[in-house]
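Asker: Predicted model and sequence follow; I will ask about them next.
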Amino acid sequence: MLACLPSYAHPSESTPMQPNHNHSQDGAPLTEKLLTAIAHHLNQDHREDLLACARANDLNWASEVRVVSLDAAGIVLEAIDGNTVQPLRLNFPTPVNGVLALKRILEARIAESRAQLDQAAKE
């Protein structure tokens with residue numbers, strides 16, 4: 001899950017010789033350009049993960065899901081099946097400040113969704 005999401009490290013986070021341990025581990029600050037690139041990556045390489053998130057949120061009918069937008073507070077998905085399209089906003093528990101924090105929160109959300117679907121399948 002999201003293992004191939006690039007770790008965009010901010011140049012101020014460390015030097016080649018000595019890491020800066022005073023800076024948070026959130027990664028590069030989130031910019032519109034970076035958020036757009038991450039949304040594109042998710043749409044291209046994590047379709048099944050996105051589908052799991054939608055299905056875990058009562059959109060079982062969806063055959064396709066795509067990221068519409070991404071921000072520090074959450075992700076907006078579009079669940080699609082034929083001519084039916086429904087938006088779904090998934091808010092993060094806390095706003096994220098950097099790309100690594102975003103990656104961690106998306107990984108957790110996907111894992112939770114998959115676990116929820118697995119549990120429902122057992123019932």
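Answerer: Okay, I see it.
Asker: C-alpha from now on. contacts and neighbour counts both.
Answerer: Will do.
Asker: how about the strands in this structure?
Answerer: 64-71, 74-81, 84-91 (DSSP state E).
Asker: mind putting the ones you listed in a markdown table, mean pLDDT included?
Answerer: What follows is the strands of the chain, written out as a markdown table (pLDDT from 0 to 100):
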| stretch | mean pLDDT |
| --- | --- |
| strand 64-71 | 97 |
| strand 74-81 | 98 |
| strand 84-91 | 97 |
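Asker: need the ones you listed in CSV with mean neighbour count and distance to Glu123, can you?
Answerer: Formatted as CSV, these follow (neighbours: other C-alpha atoms under 10 Å; distance: least, C-alpha to C-alpha, whole Å):
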stretch, mean neighbour count, distance to Glu123
strand 64-71, 20, 25
strand 74-81, 19, 25
strand 84-91, 14, 25
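Asker: Would you format the ones you listed as JSON lines with distance to Leu50 included?
Answerer: Below are the strands of the chain laid out as JSON lines (distance: least, C-alpha to C-alpha, whole Å):
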{"stretch": "strand 64-71", "distance to Leu50": "6"}
{"stretch": "strand 74-81", "distance to Leu50": "8"}
{"stretch": "strand 84-91", "distance to Leu50": "11"}
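Asker: Please consider this matter closed, and thank you.
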